[in-house]
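Engineer: missing the sequence, but the structure's below:
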C-alpha cells in the first residue's frame with residue numbers, strides 16, 4: 001500500500017511540475033500557394049482560450065503550459081486549419097493556409113470571414129485585401145489602390161483626376177504613405193489619374209485614421225502602410241494585364257533552392273502613342289518598376305532588399321516638358337533573438353524629383369526632396385496577454401526648393417539655386433498591448449520625437465521676429481523687409497524642437513460580437529507641403545519646420561461601437577471623432593509660392609479642427625458581398641490676428657478648409673453569378689468642394705475686376721457617379737497552367753459631368769459676366785485582359 005502511495009505521489013508531483021512548465025510555440029504563417037507571409041493572421045488555442053496574431057512578417061509567438069492542445073489558425077479569405085500539437089518544449093511551428101476557392105463545390109470549406117474586430121484595441125483602422133480591390137470598377141480599367149480607399153468612411157479627395165487623399169478633414173501632406181517602410185512623397189501618376197502602386201506587386205495594406213500606434217510618427221492625419229509581395233519561394237510565376245492605355249507584367253520565383261525569392265513588376269502607359277499616329281507631338285505617359293529580393297540566412301536571420309522607381313512625363317511638343325517621380329531603396333534585416341523577441345533593422349533611402357522645362361522662356365526648373373532613414377524595431381512577447389513594441393528611428397532630410405537653369409545660350413535666364421535646406425529627425429517609442437481581462441484590452445504608448453533644422457544657410461532677420469507685417473490702413477498682410485542676415489555653417493542648428501506624443505486605445509467587449517472602443521493620440525508633423533491648391537501637384541515643395549514654420553500638433557479623440565451579426569454575415573462599425581490642430585500653415589492673400597526664397601514672408605500659423613460621425617455596414621458572406629459607408633463631418637481652420645489690431649485671415653473667423661466634405665456616401669458591391677461571371681458596382685456621392693465665388697466687381701482702366709468675399713464661403717455642385725464592372729473567367733483546361741480573365745468596366749455610367757472648377761469671366765462678345773464649368777470625365781468604358789502563368 002505504501003509503495004502504491006509513493007508511486008502515486010511521484011506521479012502526481014511529476015504531473016504538477018509538468019503542468020507548470022512553460023513552453024513557447026512560435027513560427028511563421030504563410031499562403032500555401034504563393035508562399036507569401038500573412039500579416040494579422042490569428043492563432044488561437046481552444047483549451048486555454050488565448051490567442052495572438054502574426055506581425056508584418058508573418059511571425060507569431062505564444063507561451064503556454066506544456067501539454068496537448070488544439071491550435072486553430074485563421075485569416076480573412078482563407079480556409080481555417082486546426083491541428084493538435086503536443087508541446088513539451090519550445091517548439092517552432094509554421095502554418096500554411098489555403099486561399100478560399102468559391103468554385104469548390106464538392107468540398108464543404110470553412111473560411112474565415114471579414115468581420116469587425118471586437119476584442120483588440122484597433123479602431124479607425126481599415127484593411128482591404130488585394131482580391132477585393134481588384135474586383136472594383138475603376139477609370140481606364142486600371143486597378144487603383146488609392147481609389148479603393150476613397151470608398152472607406154472618413155476618406156475623400158478633391159475630385160476626379162486629383163492626386164492624394166484626405167483623411168478626416170486633413171490635408172494630403174498630413175498622410176504618411178509607406179511602401180515597404182519607405183516614404184512615398186507623391187502617390188499619383190499622371191496628375192492623379194493613376195496611383196503609383198502596382199496592385200500585382202502589393203501584398204497587404206492598412207489605413208490608420210486614428211488610434212495610431214506609437215511606432216508611427218511624422219504626420220498628423222493618417223498612415224497608409226503598404227507592403228510588397230516577397231515573391232514565390234517554390235515556383236516561377238508570371239502575371240500581368242493588358243489595358244487600353246497601360247499594361248503591366250510581374251515575374252517572381254525562388255532563389256537558391258527556396259532559401260530566397262525575387263519579385264519584379266513593371267508597368268507603363270502608352271496612350272501617347274496613339275497621338276503620335278495622328279501626327280500629334282504631345283505626350284503624357286508614366287512607367288514604374290517594383291523589385292524585391294529576400295534571402296533566409298538561417299532560422300533566425302532573413303534579409304530583404306526592396307526597391308521602387310517611377311517616372312511621369314508630360315510633353316507639349318517639346319515646348320513644355322514636365323518630369324517627376326518617386327524612387328526608394330530599402331535594406332532590411334529580420335533577426336530572431338529568441339522565441340519571444342523579434343527585431344527588424346532597416347536602412348532606407350527615399351527620393352522625390354521634379355523637373356519642368358519651358359522652351360518659350362528658356363528655363364529649366366528642378367526641385368525635390370530626399371531622405372535617409374535608419375530604424376530599428378523590436379517586438380517582445382512578454383506573455384500571452386502583454387506584447388511590447390519599441391524602437392528608434394533617425395531621418396536625415398535634404399530639401400531642394402528649386403534650381404533654375406537656362407536652356408540655351410540666348411535664353412537670358414540667370415542660373416539660380418534657391419537655398420537648400422537640411423534637417424535631422426530622431427525619435428524613440430514604446431508601445432504596450434495588454435489584455436487586462438477577458439473583456440478589457442488596452443494599448444498604451446509614448447513617442448518622443450525631436451527635430452533639428454540644420455545649416456548651411458543664410459537666414460533672414462526681421463524686426464520683432466515678424467516676417468509678415470500687417471498694414472493697418474488697408475487691413476491687409478504684407479511681406480516684411482529683412483533687417484539683416486544670419487549665416488549658419490554646415491550642420492549648425494538653426495532651430496530645434498522636441499515633443500512627447502502619447503497614444504492610448506481601449507476596447508471593452510460585451511461578448512464575442514459586440515464591443516465599444518475609445519482612443520486618443522497626439523501627433524507631431526515637422527514637414528510642410530507648400531501648396532495653395534485643394535490637392536497636391538508635382539510643383540508643390542516640402543519645407544522643414546523652423547522659427548517661422550512651427551511644427552504642427554494634433555490631438556485626436558475617437559469613440560466607436562462595433563458589432564457582428566448573424567454568424568458574422570453582417571458587421572457594423574460606428575465611430576465619432578474630434579481633432580484639433582495647432583500651427584496649421586495658412587497663406588496671406590496674394591501669396592507667391594513658386595521660386596520664393598523667403599516663404600516665411602507669406603505664411604501665418606493658425607489652427608484647425610475637424611469632427612464627425614462615420615458609419616460602415618458590411619455584408620461579408622454569400623454570392624453578394626460589399627459595404628456601405630457614410631461620413632458626416634466638418635473641417636475648418638482659423639488664423640486669428642496676432643494682436644488685437646490685426647484682422648487675421650478671413651477676418652479671424654473659422655472657415656471651411658479646402659478638404660471639407662459635409663456628406664460622403666459610398667456603396668460597393670460584388671456579385672458572383674457563377675464560375676465564369678462576377679459583377680461589381682460602386683456608387684459615390686459627396687458634397688461639393690468648398691470654393692470662393694466673386695460677390696461683386698469694380699472697373700479699373702476699362703477692365704472689369706471681380707471682388708471676393710470670405711474664403712470658401714461657397715461650394716461646387718455635389719459630386720456623384722456610378723461605376724460597374726463585369727469579369728469573365730473562361731473555364732480552365734485542367735492541363736493548362738495559363739489562367740486568364742477579361743474585365744469590362746464602365747466608369748460614370750450615367751455620364752455625370754462632375755464639376756472640377758468654375759471660372760468667372762466677361763464674355764468678349766456680349767460683355768456679360770458668365771460662369772464656365774470645367775469637368776474632366778464623362779462616361780468611360782474600358783476593357784482589360786489579365787493573365788497568370
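Structural biologist: That came through, no problem. Quick caveat: nothing in here was measured; it's all calculated off a predicted structure.
Engineer: so how far is the longest strand belonging to the chain off the chain centroid?
Structural biologist: The longest strand of the chain (DSSP state E) is strand 386-406. In this view, strand 386-406 has its centroid 17 Å away from the chain centroid, taken as C-alpha atoms, centre = their mean, to the nearest Å.
Engineer: likewise for stretch 490-499?
Structural biologist: The answer for stretch 490-499 is 29 Å, by C-alpha atoms, centre = their mean.
Engineer: now tell me what touches it from outside.
Structural biologist: Residues from elsewhere that reach stretch 490-499, judged by C-beta atoms under 8 Å, 6 or more residues apart in numbering: 422, 448-457, 459, 488, 522, 524, 526, 545-547, 551, 553. To be clear about C-beta, it is placed using only N, CA and C from the backbone, and glycine gets the same treatment.
Engineer: just for the stretch 651-789 of the chain, where's the confidence low?
Structural biologist: 733-734 (pLDDT under 70).
Engineer: for it, what spans make up the strands?
Structural biologist: 655-656, 663-672, 677-686, 690-691, 694-700, 703-708, 714-715, 719-728, 739-747, 755-762, 769-775, 780-788 (DSSP state E, counting those that start in this stretch).
Engineer: of all those, which one is nearest residue 151?
Structural biologist: For those, the distance to residue 151 is smallest for strand 663-672, at 4.3 Å, taking C-beta to C-beta.
Engineer: need the winner for burial among the strands of the stretch 651-789 of the chain.
Structural biologist: Across these, averaging neighbours per residue (mean count of other C-beta atoms under 10 Å) puts strand 655-656 on top, at a mean of 21.
Engineer: which other helices and strands does it contact?
Structural biologist: Identification of packing neighbours for strand 655-656 by 3 or more C-beta pairs under 8 Å, 6 or more residues apart in numbering; DSSP states H and E yields strand 624-638.
Engineer: now the residue nearest the centre of the chain. Nearest residue, chain neighbours left out?
Structural biologist: The residue lying closest to the centre of the chain (C-alpha atoms, centre = their mean) is residue 224, at 2.3 Å. Once flanking residues are discounted, residue 224 sits nearest to residue 177: 4.8 Å by C-beta to C-beta, 6 or more residues apart in numbering.
Engineer: in contact with the one you found, which residues?
Structural biologist: Taking C-beta under 8 Å, 6+ apart as the test, what residue 177 contacts is 183, 184, 187, 224, 226.
Engineer: need these in a markdown table (columns: secondary structure, distance to residue 238 and pLDDT).
Structural biologist: Shown next, in a markdown table, are the contacts of residue 177 (DSSP: H, G, I helix; E, B strand; the rest coil; distance: C-beta to C-beta, whole Å; pLDDT from 0 to 100):
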| residue | secondary structure | distance to residue 238 | pLDDT |
| --- | --- | --- | --- |
| 183 | strand | 30 | 95 |
| 184 | coil | 26 | 94 |
| 187 | coil | 27 | 89 |
| 224 | strand | 28 | 95 |
| 226 | strand | 22 | 94 |
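Engineer: all helices for the stretch 251-400 of the chain, in order.
Structural biologist: Ranges of helices in the stretch 251-400 of the chain, per DSSP state H, counting those that start in this stretch, are 272-277.
Engineer: in it, which spans are strands?
Structural biologist: 260-269, 283-298, 301-316, 320-336, 341-358, 363-380, 386-406.
Engineer: looking at these, which is nearest to residue 705?
Structural biologist: strand 341-358 (27.7 Å).
Engineer: are there helices or strands packed against the closest one, and which ones?
Structural biologist: strand 182-183, strand 320-336, strand 363-380.
Engineer: how about TSV for the ones you listed, with mean neighbour count and distance to residue 215 added?
Structural biologist: Listed next are those as TSV, based on neighbours: other C-beta atoms under 10 Å; distance: least, C-beta to C-beta, whole Å:
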stretch	mean neighbour count	distance to residue 215
strand 182-183	22	14
strand 320-336	19	15
strand 363-380	19	6
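Engineer: who wins for proximity to residue 746 among the ones you listed?
Structural biologist: strand 320-336 (30.4 Å).
Engineer: mind listing the strands the closest one pairs with, and their directions?
Structural biologist: strand 301-316 (antiparallel), strand 341-358 (antiparallel) (DSSP bridges).
Engineer: could you list everything residue 268 pairs with in the sheet?
Structural biologist: Assigned bridge partners for residue 268, using DSSP bridges, are residue 247, residue 287.
Engineer: same thing with residue 705?
Structural biologist: Counting by DSSP bridges, the residues bridging with residue 705 are residue 698.
Engineer: that one contacts residue 698, correct?
Structural biologist: Yes: using C-beta atoms under 8 Å, residue 705 makes contact with residue 698 at a distance of 5.7 Å.
Engineer: so after the lowest-mean-pLDDT helix or strand in the chain, what's the next helix or strand?
Structural biologist: Every helix and strand in the chain was compared by mean pLDDT, DSSP states H and E; the lowest is helix 2-20, with a mean of 44. Sequence-wise, the next helix or strand downstream of helix 2-20 (DSSP states H and E) is strand 22-31.
Engineer: what lies in contact with the next helix or strand after that next one?
Structural biologist: As assigned by DSSP H and E, the chain's next helix or strand after strand 22-31 is strand 42-45. Contacts to strand 42-45, defined as C-beta under 8 Å, 6+ apart, come from residues 29, 50-54, 60, 62, 64, 69-75, 95, 112.
Engineer: distance check, residue 687 against residue 630.
Structural biologist: Counting by C-beta to C-beta, to the nearest Å, the gap from residue 687 to residue 630 is 12 Å.
Engineer: er, residue 455 I mean
Structural biologist: 50 Å.
Engineer: what's residue 199 sitting at in phi/psi?
Structural biologist: As for residue 199, its main-chain torsions (degrees, to the nearest 10) stand at phi -60, psi -30.
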